[in-house]
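**Student:** pasting the sequence and the predicted coordinates here, then a few questions.
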Amino acid sequence: QVQLVESGGGLVQPGGSLRLSCTASGTIFSIYAMGWYRQAPGKQRELVAAIRSGGSTNYADSVKGRFTISRDNAKNTSYLQMNSLKPEDTAVYYCNAELKGLNSDPIYRYWGQGTQVTVSS
């Protein structure tokens, strides 16, 4: 069984920074991509940033230049560094990983439980 555990959310003032972490644990053969999504009240879940095993990344237009995604393959962990935070960044942030538990498995997508990020003065 694979689990994704997020940490690092909280309350921050506009212009501040937070760093989210997501660690995958369990039987893992290989992680192909990791990403961060967010969902604000009354809105659909949206992709914030993603990083693939080769290191290529993509970002939502709304966070380009402010957020940076990275990963530590040895620790099965991804990070989302969020700078210059705005009130509109307030949401529950979910991490996501596309991985194989065993080499013979298909690629499954797993989700973390979510962590609240609130940007407010």
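**Tutor:** Yep, that arrived. Predicted model only: the values in this text are computed from it and were never measured.

**Student:** which strands and helices sit next to whichever strand or helix holds Val5?
**Tutor:** Element membership of Val5 [criterion: DSSP states H and E] is strand 3-7. In this structure, strand 3-7 makes packing contacts with strand 18-25, strand 91-100, strand 108-111, judged by 3 or more Cβ pairs under 8 Å, 6 or more residues apart in numbering; DSSP states H and E. For every residue, glycine as well, the C-beta is placed using N, CA and C.

**Student:** run the last query once more with 6 Å
**Tutor:** Other elements packing on strand 3-7 under the criterion 3 or more Cβ pairs under 6 Å, 6 or more residues apart in numbering; DSSP states H and E are strand 18-25, strand 91-100.

**Student:** who touches stretch 49-64?
**Tutor:** For stretch 49-64, contacts defined as Cβ atoms under 6 Å, 6 or more residues apart in numbering pick out Tyr32, Ala33, Met34, Gly35, Trp36, Leu47, Val48, Phe67, Ile69, Arg71.
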